[in-house]
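In: Below are the sequence and a predicted model; questions follow.
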Amino acid sequence: MKAVVLTGIRQIKLTDIPEPTIEKDTDVLLKVEMVGVCGSDVHYYETGRIGSQLVEYPFIVGHECAATVTAVGRAVTNVKIGDHVFVEPAIACHHCDQCNQARQNTCRNLKFLGCPGQVQGCLCEYITMPEDCCFLIDGKLTHAQAVLCEPLAIGLYAVRQARLPENAAIAILGAGPIGLSCLLAATAANNNTCYMTEKVTERIVAARKAGAAWVGNPNNQQIVKEILRLQPLGIDVVFECAGQQETIDQAVDLLKPGGKLMVIGIPRTERISFIIDRIRRKEITIINVRRQNKSTQACIDLIAAGKISVDFMITHTFEIEQTKQAFDMVAQYRDGVIKALIQF
């Protein structure tokens, strides 16, 4: 089968590898239909690592996936051959203390698609996944919409963790797929006033159309000053979706006393810092958001019911032979890209 393999820093090769087979009774063999290019995939492409997770070449990345069921293990009952599914990339053990506390996203034995040292990714023609990672989308979502369920589930989980009060003033720093997903989830949850920041012009336009009350560009605006002029008492919750020290500092300055900082973006550096005087005097709560947890089906249902539309985030589609072109575009934020998809 064809597979897109990282072979070095900024090096991608399309090659042939053996097709996977069903090994466990609960396994499902999937024909990959469409894969989304995520910022974390680009981190591995550009630097070969995220924190302590180091790529050992060759390696297949990719974790945002829609697929068709081609074979099932003997114990599989929830899907059948021919079904179209969204693939939940997190494989939890369901037995450890974290899973028993309904925290599958921090499972002690968690394996994640396209994560070094865990599971090879989905940028290939076929993969096998456990049955409980396969969510039916037949007649509900297109393959492209299903792929967007992965970032949307992160946004939905972040909003749930934030426990937004009604009519909260929120800020989302970064209007990429994760930031926009937070906006969509927050808007669907209740009546919030949302302020967003972004440097890419096309993403600024998209954020405004998606419901942000105000969107500013930190390249040419004093973000903190302008938001606080509109919201003098400060912001209730800030969703940091850019993974930058600059946006971490802006978040702290924007928050009102007792506010919450939701850390979602993945920094490229090993450390970020806080000015302790500011976060202590304001009694800021800092909450790290680790992927998504029990939010996938809700996202499918919200899109299927027309309560959330993700189509506007799909800006570019590539063939598998054009994967390097797609990765370079996302890495350099070219051509107004929000979400690039690879179709098989």
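Out: Yep, it's here.
In: residue nearest the centroid of this structure?
Out: The centroid of the chain falls nearest to residue 151 when counting by C-alpha atoms, centre = their mean (3.1 Å).
In: What strand or helix carries that residue?
Out: helix 143-162 (DSSP states H and E).
In: helices or strands up against whichever helix or strand comes after that helix?
Out: Sequence-wise, the next helix or strand downstream of helix 143-162 (DSSP H and E) is strand 169-173. With contacts taken as 3 or more C-beta pairs under 8 Å, 6 or more residues apart in numbering; DSSP states H and E, strand 169-173 sits against helix 177-189, strand 193-197, strand 235-240, helix 245-254. (Each C-beta comes from the backbone N, C-alpha and C, glycine too.)
In: Quick one: those as JSON lines, columns for distance to residue 41, mean neighbour count and mean pLDDT too.
Out: Listed next are those as JSON lines, based on distance: least, C-beta to C-beta, whole Å; neighbours: other C-beta atoms under 10 Å; pLDDT from 0 to 100:
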{"stretch": "helix 177-189", "distance to residue 41": "12", "mean neighbour count": "25", "mean pLDDT": "96"}
{"stretch": "strand 193-197", "distance to residue 41": "24", "mean neighbour count": "25", "mean pLDDT": "97"}
{"stretch": "strand 235-240", "distance to residue 41": "20", "mean neighbour count": "27", "mean pLDDT": "98"}
{"stretch": "helix 245-254", "distance to residue 41": "21", "mean neighbour count": "20", "mean pLDDT": "98"}
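In: Of all those, which one is nearest residue 273?
Out: In terms of C-beta to C-beta, the element of the helices and strands packed on strand 169-173 nearest to residue 273 is helix 245-254, at 7.1 Å.
In: Downstream of that closest one, the next helix or strand is which one?
Out: Next helix or strand after helix 245-254 toward the C-terminus (DSSP H and E): strand 255-263.
In: Show me how far the helix holding residue 151 is from its chain's centre.
Out: On the basis of C-alpha atoms, centre = their mean, to the nearest Å, helix 143-162 sits 7 Å off its chain's mean C-alpha point.
In: and that helix with helix 177-189, angle?
Out: For helix 143-162 against helix 177-189, the angle between stretch directions is 70 degrees (axes from the mean of the first three to the mean of the last three C-alpha atoms, to 10 degrees).
In: Make CSV from the helices and strands packed on strand 169-173 and add distance to residue 84 to it.
Out: Formatted as CSV, the helices and strands packed on strand 169-173 follow (distance: least, C-beta to C-beta, whole Å):
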stretch, distance to residue 84
helix 177-189, 22
strand 193-197, 33
strand 235-240, 31
helix 245-254, 37
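In: Ok, which of those comes nearest residue 322?
Out: With C-beta to C-beta as the criterion, residue 322 lies closest to helix 177-189 of the helices and strands packed on strand 169-173, at 19.4 Å.
In: by contact count, what packs against that closest one?
Out: Looks like helix 177-189 contacts helix 143-162, strand 169-173, strand 193-197, helix 201-209 (3+ C-beta pairs under 8 Å, 6+ apart).
In: which of the ones you listed sits most buried?
Out: Most buried of the helices and strands packed on helix 177-189, by mean neighbour count (mean count of other C-beta atoms under 10 Å): strand 169-173, with a mean of 28.
In: Who does that one pair with, and is each partner parallel or antiparallel?
Out: Applying DSSP bridges, strand 169-173 is found paired with strand 193-197 (parallel), strand 235-240 (parallel).
In: Show the average pLDDT along that strand.
Out: Averaging pLDDT along strand 169-173 yields 98.
In: contacts for that strand?
Out: The contact list for strand 169-173 (C-beta atoms under 8 Å, 6 or more residues apart in numbering) reads 162, 164, 179, 182-183, 186, 192-197, 212, 227, 231, 234-242, 247, 250-251, 254, 265.
In: pLDDT below threshold where in the stretch 1-150 of the chain?
Out: Across the stretch 1-150 of the chain, nothing is flagged by pLDDT under 70.
In: Go ahead and confirm residue 39 touches residue 337.
Out: No: look at residue 39 against residue 337 with C-beta atoms under 8 Å: they stay out of range, at 11.2 Å.
In: Leaving out sequence neighbours, find the closest residue to residue 257.
Out: residue 282 (4.6 Å; C-beta to C-beta, 6 or more residues apart in numbering).
In: again but with residue 181, I slipped
Out: Distances taken as C-beta to C-beta, 6+ apart put residue 155 closest to residue 181, at 2.9 Å, once the chain neighbours are dropped.
In: which ones are touching that neighbour?
Out: If you count contacts by C-beta under 8 Å, 6+ apart, residue 155 has them with 178, 180, 181, 182, 183, 184, 185, 186.
In: Give the residues shared as contacts by residue 39 and residue 337.
Out: With C-beta under 8 Å, 6+ apart, residue 39 and residue 337 have common neighbours residue 330.
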